[in-house]
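Need coordinates for the following:
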Amino acid sequence: PLPGLECDKLSTAALDAHFDAYIRKLVEDAGIHANRALSGTHFDSWEVGGQNWTETFPEEFQKRRGYDAIPWLPVMAGYVLDSYELSERFLWDLRQTVSEMIAEYHGKHMRELAQACGLTLSIEPYDMTPCDDMTLGAAADIPMCEFWSDTFDTRYSVREAVSVAHVYGKPVVAAEAFTSIDKWLLYPGAIKANGDWAFSEGVNKMVIHRYIHQPFAQARPGLSLGPHGLHYERTQTWWPYTGPWHAYLARCQSALRHVPTADLLYLSPEGAPNVFQQPDPAPTGYKYDACTPEALLTRIHYKDGYLTNGLDARYRLLVLPDSATMTPELLSKIQELVADGATVVGPPPLKSPSLSEYPRCDEFVREISEALWGGTHRPGQVEEHRHGAGRVVWGGSLAPEPTAPPDENGIVQSNWIWCAEDTSALAAPPGRRYFTRKFTLDVEPASALLTITADNAFRCWVNGTRVGRGDNFTQLYDFEIEALLRPGENLLAVEANNGGDTSNPAGLIALVELESKNGTRSRIPADEHWQSAATAPDRWREEAAATADWPRAVTIGPMGTAPWGTIEKSKAHASLYPPSGALEDFLEQSGILPDFQSSQPLRFNHQRTSQGDLYFVSNGGKTVVEDTCIFRDEDGQPVLLHPEDGTSRPLPESRYTDDHRTAVPLKFEAGESYFILFDENTPAKPGEASAANFPERETLLKITGP
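Predicted structure coming up:
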């Protein structure tokens, strides 16, 4: 059993008991002040592990899957019954049942309990959930994600939460924002570009992680939440000056709570657990959302040329995952959408993943695939098949790209090492050990990749700057470090932590791969050239001289050495969806032009408002950008809205394009973002500009004295 106070996630009775003993008591204690003192409840990222049974599970399984689970229970212990495929189908049904029950009996029921007390519910539905992330997130009033200022890449959670909000018609998308392990070093100017990226993705409520209670008026910099969270509180030196920054965030959030615009709807695969695997890179110039099978079945229909949720969301194209399986129910829904007029891109499924109504379910899938696709083949060229008023398109350039081949060299050229002060690395005492590797470069490298892991965890720095951390020694971590290297001597520093209560195996393996600007490659493996110690002076991460007398590290053995064996880099998963470039070409050929175009790497978000189309455009770079941007709009005068001070001004310099869009010359300072409104209440006069959008400044007088 897991430690901590946890309740049964598959039982409404368990949640009722938990709610009554905790949340309801807070509401009752607040009394008449509850509505002012308490606003909502929140499920943070899951992190608690899985669950696959509850007292009523057999009855729930029978109701949802249509057959008795009891005879198949040995499969849960690893036995194969009847055949491998049928056993796997039972496990698919079991996981799907768990997912549905968590969403219904934990997520949705919690929302009902909260709303009855006048509270809202927000959910971060990710990080090791035993269910479909987005289906759980849809149970919330406010779907929530997270993004970090550094360290961890959680972009997938942003796309999941934004998609849930758009598809299920929820106006607010919250984010656990700017999370960090920064040691008091970050400030608004250092995190603005990250926040603007989140705004461009669709986030419109920043829940900044974190503001911690500071009870001691004179304590500086104050208390922390261990190492976690951006230190965002009144004890910061910059806190008195944050008014304009908070006003900027508030204006952006308000302006981004209109009607979002997207062209592509990606169907997430059936089954659980499931994390949406977003296309990487994403389509350029087009916005997209992900859709759960549950949402497609219950919310999406085709009307007036669009796939729509019946509220504000509208999409021009449904993109299917590359999966050999699909349930008859979901495939029937896709057939209905195509018959009504929808365009669907993706290959035909071959069978059902479920044991429900087997083998008739497989026959049904083949029958619908034959009707929709004209067969189950995968053509070498793009093919199109009409069905009713719509069509399906697949094959050729629209086929998903194959899995990238594994790296045959890389980390296998390195070794496991450990601290020489320990008698044996295979029975090392718990605690931290410190490692350094000094190396000299003639010039700055064109690229440099650090691959590393340690049993049990590590943190690493290059020339005193933190690079990252890891806590799973069965996984290799990659960090691009070329920006931190310099000509001359460089210092790589690693703190490895051997966990546990008693002596156990400990090891560190790392490799730096360098490539010069002329293409020459070199490697720095973990070996006897590394140094190590059980204790470290204050500046061991920054100053090579501080560790000059450390003994050499002990080499345990190469990759493959017991007890760790061979740890492979995570292979790039086979893409579930067609290449983004091929989808862009298909959209343009279908007459759906990019929503926003720029020759520079600008980011955008498009909203529909009662005054006209509103675009948030962001320069995430560190240099000035000037470009003529093209917007898929030709109604109204372009107006620039400044979110930092609330001012606005018309942009007189614009022109219509031959394809019925509007080209507008724009200029962005480094890190600048603003809104462009195509004001339908003011007729545009493209080509008749009386002034430039961004006139050059004229120097009238230079003040040289006091």
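
rest of the way, CA atoms for contacts and neighbours
Noted.

Export only the CA atoms of the helix or strand of the chain with the lowest mean pLDDT, formatted as CSV.
Least confident helix or strand of the chain, by mean pLDDT, DSSP states H and E, is helix 34-37 with a mean of 84. Presented in CSV, the C-alpha positions along helix 34-37 are these (Å, rounded to 0.1, in the frame of the first residue of the first chain):
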residue,chain,number,x,y,z
ALA,A,34,-17.8,30.4,2.9
ASN,A,35,-18.6,32.0,-0.5
ARG,A,36,-16.0,34.8,0.2
ALA,A,37,-13.4,32.7,1.9
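
Could you look up the next helix or strand downstream of that helix?
For helix 34-37, the following helix or strand on the C-terminal side (DSSP states H and E) is strand 40-43.

Mind listing the strands that following strand pairs with, and their directions?
strand 120-123 (parallel) (DSSP bridges).

contacts for the partner strand?
39-45, 110-111, 114-115, 136-137, 139-144 (C-alpha atoms under 8 Å, 6 or more residues apart in numbering).

what are the phi and psi values for E489?
E489 adopts backbone torsions of phi -80, psi 140, taken as degrees, to the nearest 10.

where does it land on pLDDT?
pLDDT, E489: 94.

What's opposite it in the beta bridge?
T440.

didn't it look like it was pressed against R437?
No. Judged on C-alpha atoms under 8 Å, E489 makes no contact with R437 at a distance of 10.4 Å.

the more surrounded of those two?
Each of E489 and R437 has its neighbours counted (other C-alpha atoms under 10 Å); R437 has more, 23 against 13.

quick one, what contacts that one?
So R437 contacts 491-493, 529-531 (C-alpha under 8 Å, 6+ apart).

Is it in a helix, a strand, or coil?
In three-state terms, and counting by DSSP: H, G, I helix; E, B strand; the rest coil, R437 is strand.

Over to A177?
Per three-state DSSP, A177 ends up strand.

That one: how many residues sit nearby?
24.

How about the contacts made by it?
146-148, 195, 206-209.

pLDDT, neighbour count and distance to S654 added to those residues, as JSON lines?
Output for these, formatted as JSON lines (pLDDT from 0 to 100; neighbours: other C-alpha atoms under 10 Å; distance: C-alpha to C-alpha, whole Å):
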{"residue": "E146", "pLDDT": "96", "neighbour count": "27", "distance to S654": "38"}
{"residue": "F147", "pLDDT": "95", "neighbour count": "24", "distance to S654": "36"}
{"residue": "W148", "pLDDT": "92", "neighbour count": "21", "distance to S654": "37"}
{"residue": "G195", "pLDDT": "97", "neighbour count": "22", "distance to S654": "29"}
{"residue": "M206", "pLDDT": "98", "neighbour count": "21", "distance to S654": "34"}
{"residue": "V207", "pLDDT": "97", "neighbour count": "16", "distance to S654": "37"}
{"residue": "I208", "pLDDT": "96", "neighbour count": "17", "distance to S654": "38"}
{"residue": "H209", "pLDDT": "93", "neighbour count": "20", "distance to S654": "41"}
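
Turn those into CSV, including secondary structure.
Compiled in CSV, those are given as follows (three-state DSSP):
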residue, secondary structure
E146, strand
F147, strand
W148, strand
G195, helix
M206, strand
V207, strand
I208, strand
H209, coil
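
Which member of those residues is positioned nearest E363?
Nearest to E363, judged by C-alpha to C-alpha, of the contacts of A177 is E146 at 42.7 Å.

which residues does the closest one bridge with?
E176.

Hmm, R159 and it touching each other?
No. Counting by C-alpha under 8 Å, E146 stays clear of R159, with 10.1 Å between them.

List the residues that are in contact with both of those two.
Residues touching both E146 and R159 (C-alpha under 8 Å, 6+ apart): there are none.

the helices in the stretch 51-200 of the chain, which residues?
57-65, 84-101, 109-116, 133-137, 155-168, 188-201 (DSSP state H, counting those that start in this stretch).

Most tightly packed of these?
Ranked by average neighbour count under the criterion mean count of other C-alpha atoms under 10 Å, these are headed by helix 133-137 at a mean of 27.

Could you report the pLDDT at the nearest residue to C291 once chain neighbours are set aside?
Spatial nearest neighbour of C291, chain neighbours left out: L267 (4.9 Å); criterion: C-alpha to C-alpha, 6 or more residues apart in numbering. Note for L267: predicted pLDDT of 98.

Quick check: L267 vs K170, distance?
19 Å (C-alpha to C-alpha, to the nearest Å).

same thing with V664?
Distance, V664 to K170, using C-alpha to C-alpha: 32 Å.

out of the helices of the stretch 51-200 of the chain, which comes closest to V512?
helix 155-168 (26.0 Å).

Show me what the closest one packs onto, helices and strands only.
helix 133-137, strand 142-148, helix 188-201, strand 288-291 (3 or more C-alpha pairs under 8 Å, 6 or more residues apart in numbering; DSSP states H and E).

I figured A457 was touching A506, is that so?
No. In this structure, A457 is not within contact of A506 by C-alpha under 8 Å, at 9.7 Å.

now stretch 95-115: mean pLDDT?
Rounded mean pLDDT across stretch 95-115 is 98.

element containing the nearest residue to F694 once chain neighbours are set aside?
In this structure, F694 finds its nearest non-sequential neighbour in K667, 6.9 Å apart by C-alpha to C-alpha, 6+ apart. Element membership for K667 (DSSP H and E) is strand 662-668.

where does A190 land on pLDDT?
On the pLDDT scale, A190 gets 94.

quick one: R220 is in a strand?
No. Note on R220: no strand contains this position according to three-state DSSP, which reports coil.

ok, back up a step: what is the burial count for the residue nearest to F694?
Neighbour tally, K667, other C-alpha under 10 Å: 16.

Now for it: which residues touch it?
624-627, 694.

doesn't L491 fall inside a strand?
Yes. L491: assigned to a strand according to three-state DSSP.

I'd like to know how far it sits from E421.
Where E421 is concerned, L491 sits at a distance of 21 Å (C-alpha to C-alpha).

neighbour count winner among the two?
L491 (20 against 16).

where does the stretch 351-500 of the chain dip in pLDDT?
402-409 (pLDDT under 70).

all helices for it, in order.
Under DSSP H, counting those that start in this stretch, the stretch 351-500 of the chain gives helices at 360-373.

before we move on, back to that, who has more neighbours, V664 and K170?
Counted by other C-alpha under 10 Å, V664 and K170 do not tie: V664 has more neighbours, with 21 against 17.

ok, how many other residues are close to the residue nearest to that one when sequence neighbours are not counted?
Among residues not flanking V664 along the chain, S654 sits closest, at 4.6 Å (C-alpha to C-alpha, 6+ apart). Residues within reach of S654, counting by other C-alpha under 10 Å, total 24.

Verify the stated contact: S654 with R661.
No. Counting by C-alpha under 8 Å, S654 sits too far from R661 to count as a contact (10.5 Å).

sorry, back to before: restricted to strands, list the contacts of K667.
625-627 (DSSP state E).

Next, count neighbours for N504.
Applying other C-alpha under 10 Å, I find that N504 has 16 neighbouring residues.

Also the one 10 residues further on?
Using other C-alpha under 10 Å, L514 has 21 neighbouring residues.

Look at V48 and report its pLDDT.
The model's pLDDT for V48 equals 84.

how far away is P348 from R89?
P348 is 19 Å from R89, by C-alpha to C-alpha.

Tell me who's in contact with the residue nearest to C291.
With contacts defined as C-alpha under 8 Å, 6+ apart, L267 is in contact with 290-293, 296, 318-321.

out of these, who's nearest S356?
Of the contacts of L267, the one sitting nearest to S356 (C-alpha to C-alpha) turns out to be P293, at 17.0 Å.

Does that closest one touch L331 like I think?
No. Judged on C-alpha under 8 Å, P293 makes no contact with L331 at a distance of 9.9 Å.

give the contact list for the closest residue to S580 other than its chain neighbours.
Ranked by C-alpha to C-alpha, 6+ apart and with sequence neighbours excluded, the top spatial neighbour of S580 is P283, at 4.8 Å. Shown in contact with P283 (C-alpha under 8 Å, 6+ apart): 580-581, 583-584.
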